[in-house]
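# Next comes the sequence, and after it the predicted model I'd like to discuss.
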Amino acid sequence: MDREEGKSAQSLPNLGATLANLGDDCAWCAVTEFLGQVPLLQCLPGSSIRRIAEAVQVKHYESGDYIAREGEPVDGLCIILDGQAEVSAPANTEEENRPDYVLNKYDYFGYGTNSSVHQVNVTAVTKLTCFVLPSQYGHLLQTKTIWNAEETPENHSLLEQILHLEKLEVDIFRGLTLPEAPQFRQVFGGQLIGQALAAASKTVDCLKLVHSLHAIFLIAGDNNMPIIYQVNRERDGTSFATRKVEAKQKGLVIFTLIVSFQKEELGFEHQAAIMPAVPPPEQLLNMEEIRERRLTDPRFPMQYRNLAAKKKFVPWPIEMRFCQDSGSQHKPSLYYWFRARGKLSDDPALHRCVVAYASDLLYSGVSLNPHRERGLKTYSLSLDHSMWFHKPVKADDWLLYVIDSPSAHGGRGFVTGRMFNRQGELVVSLTQEALIRRAKTPGQTPRPKL
C-alpha cells in the first residue's frame, strides 16, 4: 500500500487512525478487508483485491477541500474510507438538473467514466480519507472471471466454468447449466448449492469464508433456462457475515440458501471423528474404469452390456473412486474418494463452492440402498441440505466422503456425511433430507414441481 500525505497530516479517524498505527503487514490486511467490503470490488478474484490493496494510495482532506474538479484529469478510482463528500454539477447546469448528492463510506467515483476528465466537482463535506487506485492500475479491475484475473474459464476445470457467474448488477448474478456438464432431469442440486454459494461469496470481503450453509429446494429447476441469483445482505459484522440467496427461474423462487461467513481466527480445537480405514484412492478404480470393466464382464447379460455401450457417457466434473464393492450396495452407507477434475484457480472461496457442488453427488441415494431390488425404479429429489466447513479444504486434492443413512420414513430419506482430507482431518460435516418414492408409471409422471 502506497502512502501519500495529500493535504493534511492530521491523524486519521476510524480505519484511517488504525492504519496509521499498524505495521505494514497489519495495515495491508486492514486495507484488504476494507476493500473487500466495497460492492464494486467484491466480484473480483481475491488475488485481485490483494493486489489492489498493495497499489492504493491514502489521501485525506479537510472539510471544503476539492477532491476532484470539473475539467481536471481523472487520476484513478477514488473510494471513500472515512467522512463524507458531495458531488455537485457544473455551475452552468440548470437548477432542476443538478445531480447533487453525498458520498459516504464505501462509495466511489472516477471509475466507469468514458471521459479522461472529471465531469463534476467533488468536495469534502467533513474531514475525509480516501483510497485512490491510480489509473495505471485500472487493469486490476478488469478480470477474466470472478475466480481468476488473467485466465479464461476454458483454461480451467469444467467445475470452475460451471461455478462462474455473470454479474448483472450489485447482488444479482446469472448462472447457466452448461451443455458439457452431466445432465439430469432437472437442475442438479449441487449446481444450485455451488452457484448460490458463489453468488453469496462475491458479496463479502475475501477474508471471510463460508463456515455453514443451509439450503432448501423448492421447485425442480429447468436445465434449459438461466438461473438468476438474488443475494440479500442480512448482516455484516467484524467477524461474521450472513447472506440469503434466492435462485429464480420464470419469476419463481426455486431454491433458497442461508450462508454464514467467518473471518479466520484461532480458538479451541478437538476432533473426535476418526476417518475410516479405507484403501488410498491410487488403489481404487474410477468410474470410467468401472464402466469399461462392466462392458466386458461376461457375468453381466449381453443385452445389458450392449445397451450400456450405446448409451452416451458424459464424465462427471468430479473424479470419484469407490471404497466398497457391489456386494455392499444394500448397506445404508457409502464411502468414496473424490476431487475436482482439471485445474482450479487458487481461490479458497472457489474450493469451498466446488466441495458444495460435489456434496450432492450420490448423497441422498444412500438412503435407498437397503430397499434396492431387481426392477425397482425410484424417484428422488433433495428437500434440504446443510454443510459445516470445519477446516480449510482443497477441492483438487483427494477427499474421503463418508455417507450414512440412519433413517428413512414417510417418503423421506435422511443422510449424514463427513469429509476427511488425506491427513485424516475432518474438514466438512453434512446432513440432507430427500424425497424418495417408487417411480410412477409413465402415464403418471409428475410435473417437475414438488
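Now that the structure is in, tell me what you want to look at.
# Provide a complete list of residue ranges assigned to helices in the protein.
Secondary structure of the chain by DSSP state H: the helices cover 15-21, 24-35, 46-55, 158-162, 189-201, 287-296, 302-310, 348-358.
# Can you list the neighbours in contact with the third one?
Right, helix 46-55. By CB atoms under 8 Å, 6 or more residues apart in numbering, the surrounding residues in contact with helix 46-55 are 1-2, 28, 31-32, 35-36, 41, 44, 133-134, 137, 140-141, 143, 148-149, 205-206, 346-349. (Each C-beta comes from the backbone N, C-alpha and C, glycine too.)
# Pull out the buried members of those.
If you count burial by 16 or more other CB atoms under 10 Å, the buried members of those come out as 1, 28, 31-32, 35-36, 41, 44, 133, 137, 140-141, 143, 148-149, 205-206, 347-349.
# Below-threshold pLDDT in the stretch 151-300 of the chain: ranges please.
For the stretch 151-300 of the chain, the stretches flagged by pLDDT under 70 are 153, 291-300.
# again, 80 this time
Judged by pLDDT under 80, the stretch 151-300 of the chain has its weakly predicted residues at 151-155, 182, 287-300.
# all strands for it, in order.
Along the stretch 151-300 of the chain, the stretches classed as strands by DSSP state E, counting those that start in this stretch are 166-169, 172-175, 208-217, 227-236, 240-249, 252-263.
# Could you pull out the buried residues of the fourth one?
This points to strand 227-236. Within strand 227-236, judged by 16+ other CB under 10 Å, the buried ones are 227-231.
# chain center to stretch 234-254, what's the gap?
For stretch 234-254, the distance between its averaged C-alpha position and the chain's averaged C-alpha position is 12 Å (CA atoms, centre = their mean, to the nearest Å).
# Now do the buried residues in that stretch.
241-249, 254.
# Quick one: end-to-end distance for that stretch.
With CA to CA, to the nearest Å as the measure, the ends of stretch 234-254 fall 20 Å from one another.
# Residue numbering should commence at 713 henceforth.
Let's use 713 as the start, then, which means that last one is stretch 946-966.
# Outside of that stretch itself, list whatever touches it.
Contacts with stretch 946-966, where a contact means CB under 8 Å, 6+ apart, come from 749, 899, 904, 907-909, 911-912, 915-917, 920, 929-934, 937-945, 967-975, 977.
# are any of these buried, and which?
If you count burial by 16+ other CB under 10 Å, the buried members of the contacts of stretch 946-966 come out as 749, 899, 904, 907-909, 911-912, 915-917, 920, 929, 931-933, 939-943, 967-975.
# any chance of the buried residues of strand 939-948 in a markdown table, plus distance to residue 1117?
Conversion of those to a markdown table gives the following (distance: CB to CB, whole Å):
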| residue | distance to residue 1117 |
| --- | --- |
| 939 | 29 |
| 940 | 34 |
| 941 | 30 |
| 942 | 33 |
| 943 | 33 |
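# Please identify which of the residues you listed is nearest to residue 893.
When the buried residues of strand 939-948 are compared for distance to residue 893 (CB to CB), residue 939 comes out closest, at 13.2 Å.
# distance of the closest one from residue 898?
Residue 939 is 12 Å from residue 898, where distance means CB to CB, to the nearest Å.
# do the same with residue 1081
In this view, residue 1081 and residue 898 are 22 Å apart by CB to CB.
# Check residue 887 too.
Taking CB to CB, one finds residue 887 at 15 Å from residue 898.
# Tell me, what's the model's pLDDT at residue 813?
The score at residue 813 is 81. That number is its pLDDT.
# Can you spell out which residues form a bridge with it?
Beta bridges link residue 813 to residue 799, judged by DSSP bridges.
# just to revisit the earlier point, what touches both of residue 939 and residue 898?
Common neighbours of residue 939 and residue 898, counting by CB under 8 Å, 6+ apart, are residue 933.
# what about the stretch 713-862 of the chain, any weak spots by pLDDT?
When residues are selected by pLDDT under 80, those of the stretch 713-862 of the chain lie in 713-740, 801-812, 823-828.
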